[in-house]
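> My questions concern the predicted model and sequence given below.
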Amino acid sequence: MTAASGGAAPAARLRARMAACKAEGRPALVAYLTFGDPTPAISVDVIEAAVKAGADVIELGVPFSDPSADGPVIQQAMQRALAAGGSLPGALAAVAELRRRGVDAPVVLFGYYNPPFVYGVERFAADAAAAGVDAVLTVDLPVDEIDELRGPLRARGLDVVPLLAPTSTPARVAKVRAIEPPFVYYISLTGVTGAAFDAARLAGARVDEIRAGTGAPVAVGFGIKTPADAAAVGKLADGVIVGSALVARIAAGEPAGAPARVGELVAALRAAL
Amino acid sequence: MSGFEIAGAEPAPGGRFGAGGEFGGQYVAETLMPAIAELEAAWRVARVDPAFLAEYHALLTDYVGRPSRLTLAGRLSAEVGARVYLKREDLNHTGAHKINNCIGQALLARRMGKRRLIAETGAGQHGVATATVAALFGMPCDVYMGAEDVARQALNVFRMRLLGARVIPVESGSRTLKDAMNEAMRDWVTNVGDTFYLIGSVAGPHPYPWMVRELQSVIGREVGPQLEAAEGRGPDALIACVGGGSNAAGLFAPFVADPRVRLFGVEAAGDGVGTGRHAATLSAGRIGVLHGSKSYVLTHERGDEVGQIAEAHSISAGLDYPGVGPEHAAWKADGRVTYVARTDADALAALQRLARAEGILCALETAHAVAALDEVVATVGQGSIVVIGLSGRGDKDMHSVAKALGVAL
């Protein structure tokens, strides 16, 4: 299952994984999980379970007090995580722990800009690289502002993953091309995370346009909840991102059972791709 | 007919303030980037369009009741040994400076073909002003308000509802202004096609800090001629309270280029800056990124909480915000404006002092500015001309004030 392991540089690992999925003729399954939900220790087990069940790439949410682009499910996950001691330093330590356990899936840290900015972007880049992070996606750092974080990350071999939206203009798509991303996160709808997904409204032509415009694989997210949703998106896109549906599984029972519940849905999603 | 040409400098491209362009910017989700580009383009046209300016100024005159008066505070002047004037935004329709901005943005929304207005509010003054212009223009309006503020500002909630707006209590986070702003941004990102987000302060992503400062600069532009008529010269010092900072920016902006005028911004020190329970972002915060711009924020700096936004505390709901407009950050950085902080107790005392000396019950926000008067006079000298931005009236705060003074109503 691991296409790139051993001594590959982090950025190479993520790009290689996207390429390996393409070579297998299927989209990559990208699983979003919030670090610290339901507790820091259990969330590491949840991520490991997701990878073992077939997630190709992990988007690891860094809990933030003011998640202004997230819907209720991930807001609540972040509040649970913060209450349980979830943090940016904790997320970095969690990635290091996953690497110690031999979990080799690429990890994209997913969050808002204030925590790494206050932590110090140089220090953040160094610590993320040392922990085994592959890339960083920052919701409130659009391509116009991204250089202040991208510079330090690239200097240490880490990538940034940009977002594009239904509202993004051709000029903005071209700006994304210039940063040579490992993949693009295409937001399937104008809304917050966890909104209702309507597969019929996702135009394959739009995904093709973004793939051609950016020269990068396109992973589609926001609102994809079921294996059927994933299969529909997977026909059009190079990657399928599932977040709120997995996060909802964590809250749907005893904390100790969270890894099994998440693993079960990941396996079903993967089987549909 | 006056445009915005003497309302201060335009920010650098991308909405950057300060010598190195360190503050401001557009730190928002990708989905909103085209919307703020569209907004900036529309504002650039409107702000120099005689038809837009004519309509804006006609409404300020006939609906808001501008120009607002500049009142000589005679007894207060005698007490402190200066010529103290009050710029009476409390006399505006809806009782505060917030309406100046709302009129302008609602006109812009209509020009842009947006059907619906949304807003965040803390004390409720901006929510009331937004609900008011929504009624005036016949637009549906949703106002997001922290559940904590809904409880402590029941009167303004009722006013908004009477005006036809929907008030949506926000239960997330600290249930105050910052959380209301998060929720308004979520609404905007979801309904970006037909919805105009009417931000109430000089905060948020570019172009808001610039646009709101220009729309509020009518405050400062009136002061020059009014003082010229009364005193035959301009002011020595201006004082205004700073939460997000819109009334201060509006008062200061036309004077920023005039080195003869000293400028003082007064933040909320809550229980005291040293207690950690305050909203003195510029005085005790650090640079961070919140709600679309880089500026000073109250944020945890180390340990596991690094980068999490800290909760602000102030008796005044309108100042109870952990951020501040990026242009204020630039004015702090270059030393143009002196920022000080006053506690809840200072504000309560100043509110009573102004009431008894001048017969004016000001808002708790405004009372922070009044509380800095003695220090300002000590700094600029006896006999100076000092203008206080009297940003709002105190009716909305009577329950809070009574509670703080231990009086049961």
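Sure, I can see it. Small disclaimer: the values here were computed from a predicted structure and weren't measured. Numbers count the residues shown, from 1 in each chain, chains lettered A, B, ... in the order given.

> only C-alpha atoms for contact and neighbour calcs from this point on.
OK.

> Chain A contacts on chain B?
B:25-34, B:173, B:179, B:182-183, B:185-187, B:189-192, B:287-292, B:301-309 (CA under 8 Å from any CA of the partner chain).

> Skip the chain neighbours and tell me the closest residue to the residue in the stretch 1-150 of chain A that chain B sits nearest to.
Going by CA to the nearest CA, chain B is nearest to A:P115 of the stretch 1-150 of chain A, at 3.6 Å. Take A:P115 and drop its neighbours on the chain: the residue closest to it by CA to CA, 6 or more residues apart in numbering or on different chains is B:G307, 3.6 Å away.

> need the contact list for the one you found.
Contact analysis of B:G307 by CA atoms under 8 Å, 6 or more residues apart in numbering or on different chains lists A:64, A:114-119, B:299-301.

> switch the cut-off to 10 Å
Contacts for B:G307 were tallied using CA atoms under 10 Å, 6 or more residues apart in numbering or on different chains; they are A:64-65, A:87-88, A:112-120, B:288-289, B:298-301.

> re the thing from before, out of the residues of chain B next to chain A, which sit inside helices?
B:33-34, B:179, B:182-183, B:185-187, B:189-190 (DSSP state H).

> okay, those in a markdown table with pLDDT, neighbour count and distance to A:I210 next?
A markdown table is the format used below for these (pLDDT from 0 to 100; neighbours: other CA atoms under 10 Å in any protein chain shown; distance: CA to CA, whole Å):
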| residue | pLDDT | neighbour count | distance to A:I210 |
| --- | --- | --- | --- |
| B:M33 | 91 | 23 | 17 |
| B:P34 | 88 | 16 | 16 |
| B:D179 | 92 | 28 | 33 |
| B:N182 | 92 | 23 | 29 |
| B:E183 | 94 | 29 | 29 |
| B:M185 | 90 | 30 | 25 |
| B:R186 | 90 | 21 | 24 |
| B:D187 | 93 | 21 | 26 |
| B:V189 | 87 | 25 | 20 |
| B:T190 | 88 | 19 | 21 |
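
> So B:A51: helix, strand or coil?
When states are read from DSSP: H, G, I helix; E, B strand; the rest coil, the local structure at B:A51 comes out as helix.

> Report the buried residues of stretch A:163-171.
A:163-168 (16 or more other CA atoms under 10 Å in any protein chain shown).

> That stretch: how far from the chain's middle?
Its chain's C-alpha centre lies 19 Å from the corresponding centre of stretch A:163-171 when counted by CA atoms, centre = their mean, to the nearest Å.

> Equivalent analysis for stretch B:363-374, please.
With CA atoms, centre = their mean, you get 14 Å for stretch B:363-374.

> got it, and stretch B:395-409?
Centroid displacement of stretch B:395-409 relative to its chain, using CA atoms, centre = their mean, is 23 Å.

> which SSE is B:V407 in?
Taking DSSP states H and E as the definition, B:V407 sits outside all helices and strands.

> what about it, how many residues close to it?
Using other CA atoms under 10 Å in any protein chain shown, B:V407 has 10 neighbouring residues.

> One more: B:T275?
9.

> What pLDDT is listed against it?
Note for B:T275: predicted pLDDT of 95.

> go on, the one 3 residues further on?
Taken from the predicted model, the pLDDT recorded for B:H278 is 97.

> Would you check that it makes contact with B:G243?
No - if you go by CA atoms under 10 Å, B:H278 and B:G243 don't touch, sitting 11.3 Å apart.

> the helices in the stretch 51-200 of chain B, which residues?
B:74-80, B:98-111, B:125-137, B:147-152, B:154-162, B:177-190 (DSSP state H, counting those that start in this stretch).

> With distance to B:L354 as added columns, please give those in a markdown table.
Shown next, in a markdown table, are the helices of the stretch 51-200 of chain B (distance: least, CA to CA, whole Å):
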| stretch | distance to B:L354 |
| --- | --- |
| helix B:74-80 | 8 |
| helix B:98-111 | 21 |
| helix B:125-137 | 21 |
| helix B:147-152 | 23 |
| helix B:154-162 | 23 |
| helix B:177-190 | 27 |
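
> After the lengthiest strand in chain B, which helix or strand is next?
Counting by DSSP state E, the longest strand found in chain B is strand B:262-272. Next along the chain after strand B:262-272, taking DSSP H and E as the criterion, comes strand B:277-279.

> Where does A:K225 sit: helix, strand or coil?
On the three-state scheme (three-state DSSP), A:K225 is labelled coil.

> Please name the nearest non-neighbouring residue to it.
A:A245 (5.1 Å).

> just to revisit the earlier point, give me the buried subset of the contacts of B:G307.
The neighbour-count test (16+ other CA under 10 Å) marks A:64-65, A:87-88, A:112-119, B:288-289, B:298-301 as buried among these.

> So B:A119 is in contact with B:M160, correct?
No - using CA under 10 Å, B:A119 is not in contact with B:M160; the gap is 11.7 Å.

> Residues in contact with both of these two, list them for me.
With CA under 10 Å, 6+ apart, B:A119 and B:M160 have common neighbours B:127-131, B:141-143, B:167.

> which one among the residues you listed gets closest to A:R100?
B:V143 (48.9 Å; CA to CA).

> Show me the strands in the stretch 51-200 of chain A, by range?
A:57-61, A:107-111, A:135-138, A:159-160, A:163-164, A:184-187 (DSSP state E, counting those that start in this stretch).

> any idea which of the ones you listed is most buried?
strand A:159-160 (a mean of 28; mean count of other CA atoms under 10 Å in any protein chain shown).

> residues near B:L59, how many?
When neighbours are counted by other CA under 10 Å, B:L59 comes out with 16.

> nearest residue to it other than its sequence neighbours?
B:I103 (7.4 Å).

> got it, and A:R26?
Using CA to CA, 6+ apart, the nearest residue to A:R26 is A:L273, at 6.4 Å.

> Now do the contacts for that neighbour.
A:L273 sits in contact with A:25-29, A:227-228, A:230-235, A:239-240, where contact means CA under 10 Å, 6+ apart.

> So which elements touch the helix or strand that contains B:V223?
Per DSSP H and E: B:V223 is located in helix B:218-231. Packing contacts for helix B:218-231, counted by 3 or more CA pairs under 10 Å, 6 or more residues apart in numbering or on different chains; DSSP states H and E, involve strand B:70-72, strand B:83-88, helix B:98-111, helix B:246-252, strand B:385-390.

> Report the separation between the residue nearest to A:P115 and B:A329.
Distance, B:G307 to B:A329, using CA to CA, to the nearest Å: 18 Å.

> For B:A119 and B:M160, work out which one has more neighbours and name it.
Between B:A119 and B:M160, B:A119 has the larger neighbour count (other CA under 10 Å), namely 29 against 23.

> I appreciate the help and will end here.
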